[in-house]
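**Student:** How does the following fold in three dimensions:
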Amino acid sequence: MKPNLFIVGQPKSGTTALHQFLGQHPEIYMSSIKEPHFFCSDFHLESDRAYGKQRFFDFRSESAYLQLFAKADDAKVVGESSTNYLYSQVAAQKIHNFNPEAKIIIILREPAKYLYSLHSHYVKFTEENEPDFLTALSLEEERKEEKIASPRVTSPSYLYYSQRVQYHQQVKRYCDRFGSEQIKIVVFEEFKSENERVYREILEFLGVDSSFTPKYDAVNVNKEVKFEAINNLVNSPLAKNISKNLLSQEFNEFVRDNIVEKFLWHQAPKATMPEDLKIQLMQQYQHQVKQISELVGIDLSAKWGYDNLAV
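**Tutor:** Now for the predicted structure:
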């Protein structure tokens, strides 16, 4: 069974929750592996080059990828969620080549808070070795020149933070290949505050029964590392490779979600970005927000508070 739904991004923007909510619908089958990242071969190559071997991205053959949907049976919608398809420069074309009739869901989050959350996520999973957010942003040019590297990052360009919020060119890659009726733009802040309304809109977009109500459990509640040394060990490439080779990816994800996060992390309030830094970043990305607003026909400047910024 070929998937006909792709949630392509962004990370840290509610994709896990949406994946789970959609997976509860009787007419929808969502892959048990949430992020196969099959179509972003640019990141596969970049990662292999950085490490001199294949360390990440297990799903590279179409046969292995399609096995993720072997149990879809007669589901009307068959989907997966790989959050870096939006950032990838090749995924949009590859998805179109694979299934030009596919439907695409893109979740966009206010850029400043998105970057702050993304950095925190990478630190937690030890992909980012610079714990200070502002310093991590400043390292981008040196990282591009391969002067400074984070030794555990999946693909080096994951940490090119300014490129992560180039929403206009990222979304345009999909608009250039898929019809407007095939693309659904979701605003993260609305999805977070109005789960039920946005979920029903998505079901209507997918052409399935929109009266179905999922179990709206809290997903990805903010957690902080409790035992840093053990967390570093568990997230080391050696430990990950051993567990990957011995156990299925489904089991590894179960262990991560139900054991590692339960015992090594603890629920904690989200750290708040300093207001002056948030304003500084918003001013930096104001033009980007204006561009993406015009492209998708949604006034994101107003929704995200960019229309009140001093120029």
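**Student:** And the biggest helix by length in the chain, what's buried?
**Tutor:** Secondary structure of the chain per DSSP state H: the longest helix is helix 111-124. For helix 111-124, the neighbour count (16 or more other CB atoms under 10 Å) marks 111-120, 122-124 as buried. For glycine as for every other residue, the C-beta is placed from the backbone atoms N, C-alpha and C.
**Student:** Can you report how many residues neighbour the nearest residue to residue 160 once chain neighbours are set aside?
**Tutor:** Sequence neighbours aside, residue 140 is the residue nearest to residue 160 in space, at 5.4 Å (criterion: CB to CB, 6 or more residues apart in numbering). Neighbourhood size, residue 140 [other CB atoms under 10 Å]: 16.
**Student:** what ranges do the strands span in the stretch 101-250 of the chain?
**Tutor:** Taking DSSP state E, counting those that start in this stretch to define them, one finds strands in the stretch 101-250 of the chain at 103-108, 183-187, 223-225.
**Student:** follow-up on the earlier one: any chance of the buried residues of helix 111-124 in JSON lines, plus distance to residue 40 and pLDDT?
**Tutor:** Shown next, in JSON lines, are the buried residues of helix 111-124 (distance: CB to CB, whole Å; pLDDT from 0 to 100):
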{"residue": "111", "distance to residue 40": "21", "pLDDT": "98"}
{"residue": "112", "distance to residue 40": "25", "pLDDT": "97"}
{"residue": "113", "distance to residue 40": "24", "pLDDT": "96"}
{"residue": "114", "distance to residue 40": "19", "pLDDT": "97"}
{"residue": "115", "distance to residue 40": "20", "pLDDT": "97"}
{"residue": "116", "distance to residue 40": "24", "pLDDT": "96"}
{"residue": "117", "distance to residue 40": "21", "pLDDT": "95"}
{"residue": "118", "distance to residue 40": "16", "pLDDT": "97"}
{"residue": "119", "distance to residue 40": "20", "pLDDT": "97"}
{"residue": "120", "distance to residue 40": "23", "pLDDT": "94"}
{"residue": "122", "distance to residue 40": "17", "pLDDT": "95"}
{"residue": "123", "distance to residue 40": "22", "pLDDT": "94"}
{"residue": "124", "distance to residue 40": "22", "pLDDT": "90"}
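**Student:** so which of those comes closest to residue 206?
**Tutor:** When those are ranked by distance to residue 206 (CB to CB), residue 114 comes first, at 25.0 Å.
**Student:** I figured the closest one hits residue 13, correct?
**Tutor:** Yes - using CB atoms under 8 Å, residue 114 is in contact with residue 13, at 6.8 Å.
**Student:** intersection of neighbour lists for these two?
**Tutor:** residue 188 (CB atoms under 8 Å, 6 or more residues apart in numbering).
**Student:** Might you report the residue contacts of the closest residue to residue 68 other than its chain neighbours?
**Tutor:** Among residues not flanking residue 68 along the chain, residue 31 sits closest, at 4.4 Å (CB to CB, 6+ apart). If you count contacts by CB under 8 Å, 6+ apart, residue 31 has them with 3, 68, 69, 79, 80, 81.
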